[in-house]
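In: Kindly return the folded structure for what I paste below:
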Amino acid sequence: MVVLPMILLATWMTSATTGDPSPPPSACPLGEFLCGNLSLCLPQRLHCNGRDDCGNNADEKRCGDNNGWANDFDAFHATRIREGNSRGSESCTLMSVPAQCTCQRQTRVTCNSTGLDNIPADISTNVTRLKIYNEKIETLQNDSFLPYINLESLNLPRNQIQLIEPAAFRGLRHLGKLNLQENRIVSLHVDTFAELHKLSRLFLSHNELETLMPGTFRNLHQLQWLHLEDNKLTTIHPGTFTGLRDVHWLGLMGNRLQRLDGGRLCQDAPSVRWLELGENSLNSLTSGTFEGCDNITVLDLSANNISTFPSRPFVKLKMLDKLAIVEVAVAGMNFSTDMFSDARGLDHVYFSKFRYCNFALHVRHCEPGSDGISSVEHLLARDVLRACVWVIAVLTCTGNTCVMIGRSLMKHENKVHSLFIKNLCASDLVMGVYLIIIGTKDVLYRGVYNRHALEWKESFGCQFTGFLAMLSSEVSVLLLTYMSVERFLCVVFPYRDRRPNVRQAAVVLMAIWLSGFFLAFSPLIGHGLGYFDSFYGNNGVCFPLHLHQPYLRGWEYSAFIFLGVNFTSLLIILAAYTGMFISIQRTRRSIASSFTTFGDMSFATRFFFIVLTDSLVWIPITVLKFLAFTSLKISGSMYAWIVIFILPINSAINPILYSLTTRTFSGVLCSFVKNIHLKPFRASTNRPLVLMEQVKRSSDSDTSAGTTCTTASTLNSSANRTISATTSVSFGKNCTLDSVPERNSSEDGGWESIKTNGDDVFEP
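Out: Reported below is the predicted structural model:
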């Protein structure tokens, strides 16, 4: 009766996202793509899955980017690098080679770690490839290579070059490749490359360049690769790339660029196809940032501090095929589906978080394809999660409902204790409702989750669902903490005069519920203020643990709840039960008898399981939360198990630990079983005497059936009589919770005895 209205209300409040969003005016609905020249549309999940779902294999074409950028690099530049394909003769044909250097493949000279501090001058002039690395060269002087006018490739990596004089490369009119990587070059003169008209590849990465003078590359009309990665560039001045009319690859990754003025990148280099801007300090993009970059097919913006995106940042990138926005510090609210709608040719997009794929429904292939909880197809990605959510939901709702009904019907209940237990069941029941909502949404979105994911996570339904989970979690934690402290006071200080009556207990319960409500409802109040945006909608299950994005907006509040409130409560519970166990052990040791050994084991076992279940829930969550703050990557599957299984398991087990296995409920169950077996005997007393023998056999059988309950009761009574006199001074008469021995039915009476069967430590 209690569960059904709650489920109906919660389902109605979260049902606003069950309808299909209106598809854009295109050949296929949003999230589906054409099968080549066929009119058939397939969902995103069926493209690039290794199977021919279209029938013409169109869904498996252009899938070579699944593992990143390496394949595209090789394919794009396969016709450019042929150094090792035609080796020819291995013998050296040069007349003069320095003794410390080697010559191979006719005209190629290599000097490695020979102690050179200058370019050697005793090499034959017909040398075509010169490689000098791991030397002590600090300056490239003017005309250093003037004798070597036939050089086609010059490699000078990993030296100590700091200064390049303006005419250092004079005379190298045939030079096609120049490698100056991993040196200490701070600046370049505007005429450094003035005579390198045939240069096609220039490598300046891993230096200390802080600025580039406008016109530095003005004569490099045939340059196709320009690598400037891992320098200290802070800005791109107007005219920096003047002359680079044929450059295809522009690498600016790993610098300190903070902004890119509109059109400055591509106005002088309109042929750029591959643009790397990752690992900079870019904090914003404007609508004109990529003005003139019509030919870009690959764009990398990863690892920047971009806080805002314009509404249509890629509107000019008509040829864009691959986009990487990995580890970009941008809040989900700054993303929109319109951002990617202009890039109709975009086939591959890379994010650091799966949740951002919800904004790229126009894109055929999005990575990562799952966050461990959800996938492109399903809200709950794995079959075992779908099964667990329903199993735990049913156990939670059934167990807590039974306990609430049973506690309400029992006549000889301790009212104060029963009130706390019923409220604990009510809070755990809310967790069951939360699981039912998640399971229902998973069924509704099965196979088409990507179409609804964004709408669901931003909806009030998701916010309300997360509120239910947080409310249940916090109220349960606060209740268990209070009950543990009260039990500790009853056991350790049995003669205290202050004990809660029904009215005081109601006040405490109201305070606990209001506290839990405030903790759970605060993010809903601040949802429109910016701080709590995406607090509950960070994932498909709407729970704000924030392990994958520990510093998302509202992270301080999440840390306060899970590391402050909940972990502190766990420590209090552990301390309380440890103190109770020690106190009871001391008392029982002083009254040891033949009946106490089993009792000690029983209540020790019950203590162990109560502490264990709380620890298994909150210790892993606390540890993972701390690890997330250290930037340690938490696997998606671990997150899923925490939210779907570990967190709700306490709500399913609490009815068993606090009610169903206690002596009161066991006694009721035994009486119920005994009454069932005695019914035939009672009915037979009105039958003719000819049936007396049958009645006798039935009576014998019935008596045997009730032996277990009767024997247990006899043992308890015997144990009570044996030790009642000895133990009557051990506990006062003021404790009311089930952590202490049974009290007489008389309101003003003392404690009847201290039971030794172990269950009474938790019985009213």
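
In: what's the domain layout of this structure?
Out: Domains of the chain are assigned by automatic domain parsing as 32-60, 89-208, 383-664, 688-762.

In: Select, out of the ones you listed, the one closest to Arg259.
Out: domain 89-208 (21.3 Å; CB to CB). (Glycine included, C-beta is placed from N, CA and C.)

In: How about the contacts made by the residue nearest the centre of the chain?
Out: Nearest to the geometric centre of the chain sits His548, at 3.1 Å (CA atoms, centre = their mean). Contact analysis of His548 by CB atoms under 8 Å, 6 or more residues apart in numbering lists Lys353, Asp371, Asn538, Asn539, Ala628, Ile634, Gly636, Tyr639.

In: re the thing from before, turn the domains of the chain into JSON lines, including mean pLDDT and distance to Arg344.
Out: Below are the domains of the chain laid out as JSON lines (pLDDT from 0 to 100; distance: least, CB to CB, whole Å):
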{"stretch": "domain 32-60", "mean pLDDT": "65", "distance to Arg344": "11"}
{"stretch": "domain 89-208", "mean pLDDT": "93", "distance to Arg344": "32"}
{"stretch": "domain 383-664", "mean pLDDT": "83", "distance to Arg344": "18"}
{"stretch": "domain 688-762", "mean pLDDT": "38", "distance to Arg344": "66"}
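
In: what's the most buried one of those?
Out: Ranked by mean neighbour count, the domains of the chain are led by domain 383-664 with a mean of 19 (mean count of other CB atoms under 10 Å).

In: what's the offset of it from the middle of its chain?
Out: Distance, stretch centre to chain centre, for domain 383-664: 21 Å (CA atoms, centre = their mean, to the nearest Å).

In: before we move on, back to that, may I have the phi/psi pair for the residue nearest to the centre of the chain?
Out: Main-chain torsions, His548, degrees, to the nearest 10: phi -80, psi -30.

In: what's the answer for Glu208, then?
Out: When read as degrees, to the nearest 10, the backbone of Glu208 gives phi -120, psi 30.

In: where's the residue nearest to it when sequence neighbours are not counted relative to Leu212, distance?
Out: Once flanking residues are discounted, Glu208 sits nearest to Val186: 5.1 Å by CB to CB, 6 or more residues apart in numbering. Using CB to CB, to the nearest Å, we find Val186 at a distance of 12 Å from Leu212.

In: For the domains of the chain, could you give me CSV that also reports distance to Gly292?
Out: Listed next are the domains of the chain as CSV, based on distance: least, CB to CB, whole Å:
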stretch, distance to Gly292
domain 32-60, 29
domain 89-208, 22
domain 383-664, 32
domain 688-762, 75
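
In: do you know which of these lies nearest Phe335?
Out: Per CB to CB, nearest to Phe335 of those: domain 383-664, 9.1 Å.

In: So what would you say the end-to-end distance of stretch 323-340 is?
Out: With CA to CA, to the nearest Å as the measure, stretch 323-340 spans 10 Å from end to end.

In: Name all residues that make contact with the closest residue in space to Gly254 that isn't next to it in sequence.
Out: Nearest-residue entry for Gly254: Asp230, 3.9 Å, with adjacent residues in sequence omitted and distances by CB to CB, 6+ apart. Contact analysis of Asp230 by CB under 8 Å, 6+ apart lists Ser205, His206, Asn207, Met253, Gly254, Asn255.

In: Kind regards, and thank you for your time.
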